[in-house]
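Novice: fold the following and give me the result.
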Amino acid sequence: MNPTLAHVIVVDDERSVLDALTEMLSLEGFEVHAFLDAFEALKHMDRWPAAVWLCDVKMPRINGHDLLATVLSRQAESLVLLMSGHGDIPMAIEAIKLGAYDFLEKPLSPTVLIRQLRKALEKSNLRLENKQLKQQLQGDAIERFIVGHSVAMQTVREQVLRLADVAVDTIIYGETGTGKEVVARALHRYSDRRDKAFVAINCGGMASSIIESELFGHEAGAFTGANKRRIGKVEQADGGTLFLDEVESMPVDVQIKLLRVLQERSLERLGGQGSIAVSFTVVAASKADLMQLSLAGGFRSDLYYRLNIASLQLPPLRDRIEDVIPLFDFFVKQIQVRRGSEAVTLSGQQIQRLHQHSWPGNVRELKNAASRVALGISQDDLGLEGWREQGASDFEDQMLRHERQILVEALRQCAGQLNDTAALLDLPRKTLYRKMKKHQLEKHAYRQDKTVP
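Specialist: Residues are numbered from 1 along each chain as shown. Prediction:
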């Protein structure tokens with residue numbers, strides 16, 4: 001076995017167990033990296049992007065299930081085997097459901113352990129080879145499609161490529177203007193469905209009868225004014241991707257009919273008699289938390305759970321200010337290419353304005369500002385509302401924005417786990433709570449169920 005491709009990360013809080021496993025696996029030719037603490041293991045995980053994790057379930061600070069969720073969210077090529085001396089059937093089922101490759105009960109059988117580790121490593125290495133091949137084929141295309149240098153957007157790009165591979169229904173969360181449709185199109189573009197249709201429909205502001213006809217189509221004579229057959233969006237998306245924008249605004253009676261179509265992957269046109277088989281992937285976009293909305297009765301919980309196979313969260317532009325200038329340049333260059341206009345050079349004051357602005361309209365607002373500059377409409381003031389030139393009195397505001405950005409990045413890195421975030425920032429937990437409250441940050445916004453499971 002090639003040791004460079006046989007990395008096994010062992011995590012167990014019992015020193016005797018850890019030492020015994022390390023010795024046994026090393027003799028079998030594995031490259032073993034042993035940790036008594038899961039938090040320490042996660043700090044070093046980027047050294048081994050394709051590895052197999054062998055982890056105890058019962059551990060302090062971070063248990064095996066939480067570690068599993070973190071590894072799967074950050075390393076698509078790695079696999080996790082969980083082990084426990086308290087194992088039972090329900091625990092094993094839960095582990096597999098959460099994405100574990102296998103569940104082993106202590107005391108471990110050396111023969112079974114070695115066999116399962118070898119199988120897992122073969123699968124992990126195959127995933128890594130496929131990823132490298134895809135990157136060679138795609139080059140840096142996705143970086144030109146989803147723009148941004150921030151850690152948050154690097155994560156979004158990684159999640160898009162992972163989800164594009166598996167073709168599962170997905171929810172994209174984000175404020176207005178954060179680029180939800182751009183990400184939806186990227187999910188389609190980098191999938192095996194790229195040669196089929198990407199069909200979008202905005203679910204907001206439509207009466208039930210109209211959106212039902214738009215989604216499912218109708219036969220001639222189905223209702224007054226239906227003079228000819230109409231093929232609906234769902235049928236148009238057959239073989240491709242159906243994008244449901246503002247899905248939180250969909251009327252409840254239409255939600256019921258959509259759920260049936262998603263479950264059966266077949267539909268009936270309004271006024272039709274027979275079922276039509278369809279195959280498509282759904283990408284839904286929402287400004288609201290659909291789980292909370294379903295708990296409040298504003299969205300059907302069964303439809304939420306049907307759509308929420310995977311989800312990802314798009315950060316607002318104010319939380320990734322480092323992306324403002326790259327995005328601005330990207331939009332300006334788009335217009336330059338179309339119009340053949342001259343290059344735009346921003347002054348120091350203009351760059352300051354772009355960095356200082358709060359961007360309530362997110363990327364959409366920034367694109368409008370870039371368009372105004374590229375077209376010569378507002379060369380000096382950029383047309384930004386509510387901006388004022390910075391003075392000494394703004395120092396406190398700058399520090400607050402910087403502090404908030406540090407907190408946001410730490411919460412994202414630790415997936416909303418406050419103990420881990422406090423340890424990463426070297427802050428007492430009470431201080432972290434106070435700062436999060438000051439900046440109106442909620443831990444649930446950064447948990448793993450907001451991203452790829």
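Novice: quick one: average confidence on the helix or strand where Glu214 lies?
Specialist: For Glu214, the enclosing helix or strand under DSSP states H and E is helix 208-216. For helix 208-216, mean pLDDT is 86.
Novice: so what's Leu25 up against?
Specialist: Applying C-beta atoms under 8 Å, 6 or more residues apart in numbering, we find Leu25 in contact with Val8, Val10, Val32, Ile114, Leu117. To be clear about C-beta, it is placed using only N, CA and C from the backbone, and glycine gets the same treatment.
Novice: once you drop chain neighbours, what's closest to Val166?
Specialist: Of all residues beyond its chain neighbours, the one nearest Val166 is Ala310 (7.9 Å), with distances taken as C-beta to C-beta, 6 or more residues apart in numbering.
Novice: kindly list the main-chain dihedrals of the one you found?
Specialist: Backbone torsions of Ala310, given as degrees, to the nearest 10, read phi -140, psi 160.
Novice: what is the burial count for the residue nearest to Met91 when sequence neighbours are not counted?
Specialist: Counting by C-beta to C-beta, 6+ apart, Ser84 is the residue found nearest to Met91 once chain neighbours are left out, at 6.5 Å. Using other C-beta atoms under 10 Å, Ser84 has 18 other residues around it.
Novice: touching, Ser84 and Lys106? I think so.
Specialist: Yes: using C-beta atoms under 8 Å, Ser84 is in contact with Lys106, at 6.4 Å.
Novice: rewinding a little: let me see the contact set for the residue nearest to Met91.
Specialist: Residues in contact with Ser84 (C-beta under 8 Å, 6+ apart) are Asp56, Val57, Lys58, Gly64, Met91, Phe103, Glu105, Lys106.
Novice: how far away is the last one from Met83?
Specialist: In other words, Lys106. Computed with C-beta to C-beta, to the nearest Å, the distance linking Lys106 and Met83 is 6 Å.
Novice: those two: who's more crowded?
Specialist: For Lys106 and Met83, the more surrounded residue by other C-beta under 10 Å is Met83, and the numbers stand at 25 against 15.
Novice: tell me the secondary structure at the more buried one.
Specialist: On the three-state scheme (DSSP: H, G, I helix; E, B strand; the rest coil), Met83 is labelled strand.
Novice: I'd guessed Arg372 sits against Leu382; true?
Specialist: Yes: in this structure, Arg372 is within contact of Leu382 by C-beta under 8 Å, at 6.9 Å.
Novice: hmm, back to that, following element in sequence after the helix holding Glu214, please.
Specialist: Heading C-terminal from helix 208-216 (DSSP H and E), you reach helix 233-236.
Novice: in that following helix, what's buried?
Specialist: Lys233, Val234, Glu235, Gln236 (16 or more other C-beta atoms under 10 Å).
Novice: again, but for stretch 15-31
Specialist: By 16+ other C-beta under 10 Å, the buried positions in stretch 15-31 come out as Val17, Leu18, Leu21, Thr22, Leu25, Glu28, Phe30, Glu31.
Novice: among those residues, which are located in strands?
Specialist: Glu31 (DSSP state E).
Novice: export the buried residues of stretch 15-31 as JSON lines, with columns for distance to Pro110 and pLDDT.
Specialist: As requested, the buried residues of stretch 15-31 are exported to JSON lines (distance: C-beta to C-beta, whole Å; pLDDT from 0 to 100):
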{"residue": "Val17", "distance to Pro110": "13", "pLDDT": "91"}
{"residue": "Leu18", "distance to Pro110": "16", "pLDDT": "92"}
{"residue": "Leu21", "distance to Pro110": "10", "pLDDT": "93"}
{"residue": "Thr22", "distance to Pro110": "13", "pLDDT": "92"}
{"residue": "Leu25", "distance to Pro110": "10", "pLDDT": "92"}
{"residue": "Glu28", "distance to Pro110": "9", "pLDDT": "89"}
{"residue": "Phe30", "distance to Pro110": "13", "pLDDT": "91"}
{"residue": "Glu31", "distance to Pro110": "18", "pLDDT": "90"}
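Novice: pick out the most distant pair among the buried residues of stretch 15-31.
Specialist: Spatial extent of those (C-beta to C-beta) is set by the pair Val17 and Glu31 at 19.0 Å.
Novice: show me where the stretch 51-200 of the chain dips below the pLDDT cut-off.
Specialist: When residues are selected by pLDDT under 70, those of the stretch 51-200 of the chain lie in 86-89, 130-140.
Novice: please report how far Val168 lies from Ser191.
Specialist: Distance, Val168 to Ser191, by C-beta to C-beta: 10 Å.
Novice: thinking again about what came up before, list only those of the contacts of Leu25 flagged as buried.
Specialist: Val8, Val10, Val32, Ile114, Leu117.
Novice: which one of those is nearest to Gln413?
Specialist: Out of these, the member with the shortest distance to Gln413 (by C-beta to C-beta) is Val10, at 23.0 Å.
Novice: the closest one is in what secondary structure piece?
Specialist: Per DSSP H and E: strand 7-11 holds Val10.
Novice: where along the stretch 351-453 of the chain do the helices fall?
Specialist: Counting by DSSP state H, counting those that start in this stretch, residue ranges of the helices within the stretch 351-453 of the chain are 362-374, 395-413, 418-425, 429-438.
Novice: and those helices as TSV, adding mean pLDDT, distance to Met206 and mean neighbour count?
Specialist: Shown next, in TSV, are the helices of the stretch 351-453 of the chain (pLDDT from 0 to 100; distance: least, C-beta to C-beta, whole Å; neighbours: other C-beta atoms under 10 Å):
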stretch	mean pLDDT	distance to Met206	mean neighbour count
helix 362-374	90	21	20
helix 395-413	74	35	15
helix 418-425	86	41	18
helix 429-438	84	38	14
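Novice: so which of those is nearest Gly179?
Specialist: Closest among the helices of the stretch 351-453 of the chain, using C-beta to C-beta: helix 362-374, at 5.0 Å.
Novice: quick one: contacts of that closest one?
Specialist: With C-beta under 8 Å, 6+ apart, helix 362-374 has contacts from 175-179, 316-317, 324, 327-328, 330-332, 335-336, 339, 341, 344, 346, 354, 359, 361, 377-379, 382-384.
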